[in-house]
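J.: Whatever this is, show me its structure:
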Amino acid sequence: MVDYQLLGRRIAQLRRQRKLTQEQLAEVADVTNNYISHIENCRSIPSLETVMKLCDALQVTPDTLLLGASTQSPGYLEEEIVQKLAGCSPRERRLVNGFLDLLRTERED
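T.: Coordinates of the predicted model:
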C-alpha cells in the first residue's frame, strides 16, 4: 500500500535537493505547478503515469520515490529485516538462515 503523504514528502525533498522549484519540476514532468503542490501536500493522488514522469524528472527509480529507498542500495530493507529477526525464536532464525543459504545457492547456479 502506498503512503501518499510520504510520497509527497519524498517528492518535495528530492525536488529541493535538486534545487528545483515546483514550477520547474512541473515543466519537466509536463504537469502543472499546482498539481505538484497538491501531490506534495497530499491533496491529490498521482496516477502511475504521473509518478513515472516525476521519476524521470527527478532522475530516480520508482522504488526510490514509492518506497523511499532504492532496491539497489546496500542497506535496502536491512533495518526491517533486523527488527523482524529480533522477534524470531532460535528455531525461526535457523529456518530463515537456511532459507537464505538456499536462496544464495540457487542464485549462484
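
J.: for the protein, what spans make up the helices?
T.: For the chain, the helices defined by DSSP state H cover 4-17, 22-29, 33-40, 48-58, 62-67, 78-86, 90-108.

J.: And for the third one, what's in contact with it?
T.: Helix 33-40 has contacts (CB atoms under 8 Å, 6 or more residues apart in numbering) with 7-9, 11-12, 15, 21-23, 25-26, 29, 43-46, 50, 54. For glycine as for every other residue, the C-beta is placed from the backbone atoms N, C-alpha and C.

J.: most distant residue from the middle of the chain?
T.: Of all residues in the chain, residue 91 has its C-alpha farthest from the mean position, at 32.2 Å, by CA atoms, centre = their mean.

J.: gap between that residue and residue 14?
T.: Separation of residue 91 from residue 14 (CB to CB, to the nearest Å): 43 Å.

J.: ok, now residue 83?
T.: Separation of residue 83 from residue 14 (CB to CB): 26 Å.

J.: can you check residue 99 too?
T.: As judged by CB to CB, residue 99 and residue 14 stand 35 Å apart.

J.: Between the two, which has more neighbouring residues?
T.: Remark: of residue 99 and residue 14, residue 14 carries more neighbours, 19 against 10, as counted by other CB atoms under 10 Å.

J.: Excluding chain neighbours, give the residue nearest to that one in space.
T.: Leaving out its chain neighbours, the residue that sits closest to residue 14 by CB to CB, 6 or more residues apart in numbering is residue 58, at 4.8 Å.

J.: And the protein, what are its domain boundaries?
T.: Here the domain assignment for the chain is 4-67, 78-108, based on automatic domain parsing.

J.: Relative to the whole chain's centre, how far out is the first one?
T.: Meaning domain 4-67. 12 Å (CA atoms, centre = their mean, to the nearest Å).

J.: Quick one: end-to-end length of that domain, please.
T.: This stretch, domain 4-67, spans 11 Å end to end (CA to CA, to the nearest Å).

J.: tell me the mean pLDDT for that domain?
T.: Averaging pLDDT along domain 4-67 gives 94.
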